[in-house]
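Colleague: Just the structure for this:
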Amino acid sequence: MNFDRNTIIGFAAMMVLLFGYIFFTQRQQGALEAEKQKTADSLAKVEAAKKKLVDTAVVRQQAAVQDSTITAQAAGEFQPALAEELTVVENELMKVSFTNKGGYPKSVELKNYKRYDGKQVVLGGDAHQLIYSVNTANNKAALTSQLNFINAGITKTTDGQTITFRIADSAGKSIEHIYTIKNNSYLIDWNVQLKGADKLLTQGILNLNWDITAKQQEKDLKYEKGQSNLGYMEEGDYDFEAAGTGDTKKFGDKTKWVGVKQQFFNTTILAGSTFAYGESTWAVPEEKDDSLQKVMDVKSVLRFNLAGASQGTIPMQLYYGPNDFHTLKAIGNKLESHVQLGYGIFAFVKYINRFVVMPVFDFFDRNIGSMGIVILLLTFFIRLIISPLTYSSYLSGAKMKVLRPEIDELKKKHGSDQQAMSMEQMKLFRQAGVNPLGGCIPALLQIPIFFALYSFFNANIGLRGESFLWAKDLSSYDTIATLPFNIPFYGDHVSLFTITATITSLLISVYNMQMTPTQDNPVMKYMIYFFPIMLLFIFNSLPSALTWYYTVSNIVTLGLQFVIQKFIINEEKIHAKLQENKKKPVTKSKWQERLEQVQQSNQKVQDMQKKQGGKK
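Modeller: As a prediction, this is how the structure comes out:
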């Protein structure tokens, strides 16, 4: 595989033409679409002029009268919902807006967090509902959102505030929603108290309908969708359903909580004991609907059983807040599982994060002002921890390099007889006391650390909004240029930290090629460059905290390679040591004995085949 000057020039010209073609095609398509839209708008105006004008105000008024009539009929002996009134209760962390139509928190504004566009983060909103159906009269039922709950006032306590919404009929049946918002807390205690529960509920069943639309909070909506899910704790174990699947999940009677988790925030309902039954259905809007700024729509039914009780209280808790590990852990019930520090086949790396990475990160964070420097120091710490593995890997590589001349001699001796060559090579390794996998095992042991940090940087809300160098937000990709078109698998932006991570990975590959004898296989010779180039596409949309970490880690690797191989590892001493090992008696393990038996058996088969071929 040789690259001459003409080939390189031709390849470069082809790439320029390709990108030029993509750019101008995109521009032409954009102009064509704009012209089509202009024509369509003109036709729409003409058609609109032909139609009679409709008084939209009259239509809205008629619809409102019809809705109020239906609501009044459904309310039965209770007062129907009137004009909506919002009551705001706030503490140091959030503002909670309660509606009288159903007496529930309609939206929650988080004071310490802003959206990608600078506005405050708001969870819930117009599409948010916490309602259930009650019997309002004979053969009549209504949703609580159709009933007018009276605000009984806000009561201040030593550790927070309590607000009560109440509705009652003339027969003595009543419903109370009592909310307690504690100081410096994202958690809301909610008690539903029913008098005449046996009459209000059919068969004593209360089905709480929880509808919520998770709205976009981060810059990259596509990435936020990928990091969002429906989480729950059932039978004491946490699990989740990925947002991208869009399906229905049914919960048993041992489910403690259900939560809608976005990349950095979640809204969760916790039962006082457990739900009697539950079912959630969710859908993720398609990419063409991204203008709606929706992450996913979730509709849940959570059942409580008050069968046989004339009075009953249903205790619940509502969490509206950040996916902060320490905040959620303080609440209990494994709510911190929303912060996914490792899942799937690499679920075990969450323990590396919880007991190693996170404590060290938090220590540096408390004492260092810059989050970028915190990541830098964390990188140094991790490389220090794995330095024995790094040294072992380089030492194994040095041993293999020293034995290379002898391996070349074996190749000349046996020629194309791969079986004999393999047997002699294993014998040489055994005599010299060299493990051919010695360089691979340390590298494999570092893979869990990489996946631990990948999960950690994706889930760490502490990085959100933190700037470093040219990166404005370390929890998202950095951008030094925006492209006028989208490159498949790459994106429409250029991340400089991704470029630095790719370049430093290439430098490591080049350095290793210089330090390692030339590969006989030309494909393998160039394959080591393939992975660094792939990083350019894999990392471009990942958090800049991760690509910054990878850049620093690569620089440290280059420095360690140079120091260890130039000043610590002495190839002459290693060669002398290996020659001494050859003089010592070699003890074979059972595995080595079996391997030799297999190799010898294969060699005999090959020899017989050669003899038979020679006779013919």
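Colleague: CA only for contacts and neighbour counts going forward, please
Modeller: OK.
Colleague: Would you mind giving the domain segments of the chain?
Modeller: The chain breaks down into these domains under automatic domain parsing: 1-46, 76-339, 352-583.
Colleague: what about Arg303, which SS state?
Modeller: Assigned state for Arg303: strand (three-state reduction, DSSP: H, G, I helix; E, B strand; the rest coil).
Colleague: So what touches stretch 317-333?
Modeller: Stretch 317-333 is touched from outside by 108, 110, 123, 186-190, 256, 263-272, 334-336, 338-339, 459-462, with contacts defined as CA atoms under 8 Å, 6 or more residues apart in numbering.
Colleague: Need the domains of the chain in JSON lines (columns: mean pLDDT and mean neighbour count).
Modeller: Shown next, in JSON lines, are those (pLDDT from 0 to 100; neighbours: other CA atoms under 10 Å):
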{"stretch": "domain 1-46", "mean pLDDT": "45", "mean neighbour count": "12"}
{"stretch": "domain 76-339", "mean pLDDT": "92", "mean neighbour count": "18"}
{"stretch": "domain 352-583", "mean pLDDT": "82", "mean neighbour count": "17"}
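Colleague: residue closest to the middle of this structure?
Modeller: Residue closest to the mean C-alpha point of the chain, counted by CA atoms, centre = their mean, is Gln227 at 3.5 Å.
Colleague: Report the contact partners of the nearest residue to it once chain neighbours are set aside.
Modeller: Nearest non-adjacent residue to Gln227, counting by CA to CA, 6 or more residues apart in numbering: Gln263, 5.0 Å away. Listed by CA under 8 Å, 6+ apart, the contact partners of Gln263 are 224-225, 227-228, 323, 459.
Colleague: related to what we said a few turns ago, so which of the domains of the chain is nearest Ile345?
Modeller: Ranking the domains of the chain by proximity to Ile345 (CA to CA) places domain 352-583 first, at 10.5 Å.
Colleague: could I get the domains of the chain as CSV with distance to Ile345?
Modeller: Shown next, in CSV, are the domains of the chain (distance: least, CA to CA, whole Å):
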stretch, distance to Ile345
domain 1-46, 38
domain 76-339, 14
domain 352-583, 10
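Colleague: what are the ranges of the helices in the stretch 101-250 of the chain?
Modeller: All helices of the stretch 101-250 of the chain, identified by DSSP state H, counting those that start in this stretch, fall at 197-200, 221-226.
Colleague: quick one, which of those helices is nearest to Trp548?
Modeller: When these are compared by CA to CA, helix 221-226 sits nearest Trp548, at 18.6 Å.
Colleague: Who are the packing partners of that closest one?
Modeller: strand 294-305 (3 or more CA pairs under 8 Å, 6 or more residues apart in numbering; DSSP states H and E).
Colleague: Which neighbours in the sheet does the strand it packs on have, and how are they oriented?
Modeller: In the sheet, strand 294-305 lines up against strand 205-215 (antiparallel), strand 277-283 (antiparallel) (DSSP bridges).
Colleague: Dump the last one to CSV, restricted to CA.
Modeller: This points to strand 277-283. What follows is strand 277-283, C-alpha atoms only, in CSV (Å, rounded to 0.1, in the frame of the first residue of the first chain):
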residue,chain,number,x,y,z
TYR,A,277,-50.4,-0.7,39.5
GLY,A,278,-48.9,1.5,36.9
GLU,A,279,-48.6,2.0,33.2
SER,A,280,-46.6,4.6,31.2
THR,A,281,-46.7,5.3,27.5
TRP,A,282,-44.2,7.6,25.9
ALA,A,283,-43.3,9.0,22.5
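Colleague: what about Gly465, is that helix, strand or coil?
Modeller: Following three-state DSSP, Gly465 is assigned to coil.
Colleague: tell me the phi and psi of the closest residue to it other than its chain neighbours?
Modeller: Once flanking residues are discounted, Gly465 sits nearest to Asp473: 4.6 Å by CA to CA, 6+ apart. Dihedral angles of Asp473 (phi, psi; degrees, to the nearest 10) stand at phi -150, psi 110.
Colleague: what's the answer for Phe530, then?
Modeller: Torsion angles, degrees, to the nearest 10, at Phe530: phi -70, psi -50.
Colleague: Next up, the contacts around it.
Modeller: Applying CA under 8 Å, 6+ apart, no residues qualify as near Phe530.
Colleague: picking up where we left off before, and the gap between the residue nearest to Gln227 and Val298?
Modeller: The gap separating Gln263 from Val298 is 16 Å, by CA to CA, to the nearest Å.
Colleague: so of the contacts of stretch 317-333, which ones are in strands?
Modeller: Members of these lying in strands (criterion: DSSP state E): 108, 110, 123, 187-190, 256, 265-272.
Colleague: and which of those is nearest Ile533?
Modeller: Using CA to CA, the ones in strands among the contacts of stretch 317-333 come closest to Ile533 at Phe265, 33.8 Å.
Colleague: The closest one pairs with what?
Modeller: Per DSSP bridges, residues listed as beta-bridge partners of Phe265: Pro322.
Colleague: got a list of what it touches?
Modeller: Phe265 makes contacts with 320-323, as judged by CA under 8 Å, 6+ apart.
Colleague: surely Ala452 meets Gly342?
Modeller: Yes: if you go by CA atoms under 8 Å, Ala452 and Gly342 touch, sitting 6.5 Å apart.
Colleague: Can you pull the residues that touch both of those two?
Modeller: Counting by CA under 8 Å, 6+ apart, the shared contacts of Ala452 and Gly342 are 349-350.
Colleague: where do the strands sit along the stretch 351-500 of the chain?
Modeller: Ranges of strands in the stretch 351-500 of the chain, per DSSP state E, counting those that start in this stretch, are 481-487, 491-494.
Colleague: Any idea what Glu176 is bridged to?
Modeller: Beta-bridge partners, per DSSP bridges, of Glu176: Arg166, Gln193.
Colleague: What distance do you get for it to Arg166?
Modeller: Using CA to CA, Glu176 is found at 4 Å from Arg166.
Colleague: returning to what we had before: reformat the helices of the stretch 101-250 of the chain into JSON lines and put distance to Met316 next to each item.
Modeller: What follows is the helices of the stretch 101-250 of the chain, written out as JSON lines (distance: least, CA to CA, whole Å):
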{"stretch": "helix 197-200", "distance to Met316": "17"}
{"stretch": "helix 221-226", "distance to Met316": "28"}
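Colleague: quick one, which of these is nearest to Pro285?
Modeller: helix 221-226 (9.4 Å).
Colleague: Mind listing residues that contact that closest one?
Modeller: 216, 218, 242-244, 262-263, 284, 287, 290, 293, 295-296, 541.
Colleague: Can you lay out these as a markdown table showing distance to Pro484?
Modeller: Shown next, in a markdown table, are these (distance: CA to CA, whole Å):
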| residue | distance to Pro484 |
| --- | --- |
| Gln216 | 23 |
| Glu218 | 22 |
| Ala242 | 32 |
| Ala243 | 29 |
| Gly244 | 28 |
| Gln262 | 29 |
| Gln263 | 27 |
| Val284 | 27 |
| Glu287 | 19 |
| Asp290 | 19 |
| Gln293 | 22 |
| Val295 | 25 |
| Met296 | 28 |
| Ser541 | 17 |
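Colleague: which one of those is nearest Lys101?
Modeller: Of all these, Met296 has the smallest distance to Lys101: 24.5 Å, by CA to CA.
Colleague: With that, I have no additional questions.
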